[in-house]
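S.K.: Have a look; sequence and predicted model below, questions after that.
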Amino acid sequence: MIFKDKTRNIILLVITVILLVPLIAMIFTDEVKWSIFDFLVVALLLISVGFLFDFTVRKIKHRTYKIAACIAIILLLLIIWAELAVGIFGSPFAGN
């Protein structure tokens, strides 16, 4: 076990399974072409979001604020993911 806390180990396990999907897809099709850098960026993004969820659930006591914070984290993840994928805002962050 990497962490003593079971929740953090589960987060890392889920992220590993998510990252296995494009890795396996690369074996069977030429449609998916990820580099090591792509895997590192997505891993960093998912680990950050996973641990941020864990922190939010542990530290925020009020249920409404906890739900609002989790929704904000999900929206931020989706915006960053979309920007990295297709550059919807045309920022230098996406390579445009």
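M.R.: Ah, there it is.
S.K.: Distance check, residue 79 against residue 59.
M.R.: 23 Å (Cβ to Cβ, to the nearest Å). C-beta here means a position set from N, CA and C on the backbone, and glycine is covered the same way.
S.K.: Comparing the two, which shows the higher neighbour count?
M.R.: Neighbour totals were compared for residue 79 and residue 59, and residue 79 leads with 12 against 9 (other Cβ atoms under 10 Å).
S.K.: Where does the more buried one fall, secondary structure wise?
M.R.: Per DSSP states H and E: residue 79 is located in helix 63-86.
S.K.: Give me the buried stretch members for that helix, please.
M.R.: 69, 73, 77, 80, 83, 84 (16 or more other Cβ atoms under 10 Å).
S.K.: Do you have the helices of the chain handy? List them.
M.R.: Assigned by DSSP state H, the helices in the chain fall at 6-28, 36-59, 63-86.
S.K.: how about low-confidence regions in this protein?
M.R.: 1-3, 93-96 (pLDDT under 70).
S.K.: Residue most distant from the centroid, it?
M.R.: residue 62 (24.7 Å; Cα atoms, centre = their mean).
S.K.: where's that residue relative to residue 69, distance?
M.R.: Going from residue 62 to residue 69 by Cβ to Cβ gives 10 Å.
S.K.: Ok, residue 28 next?
M.R.: For residue 28, the distance to residue 69 - Cβ to Cβ - is 38 Å.
S.K.: same deal with residue 35?
M.R.: 33 Å.
S.K.: now residue 86
M.R.: 27 Å.
S.K.: nearest spatial neighbour of residue 57, skipping sequence neighbours?
M.R.: Closest residue in space to residue 57, ignoring its immediate chain neighbours: residue 66 at 6.5 Å, by Cβ to Cβ, 6 or more residues apart in numbering.
S.K.: dump the residue contacts of the one you found.
M.R.: Applying Cβ atoms under 8 Å, 6 or more residues apart in numbering, one finds that residue 66 lies in contact with 56, 57, 60.
S.K.: Let me see the contact set for the residue minimising distance to the centre of the chain.
M.R.: Nearest to the geometric centre of the chain sits residue 46, at 2.1 Å (Cα atoms, centre = their mean). By Cβ under 8 Å, 6+ apart, residue 46 lies in contact with 15, 18, 19.
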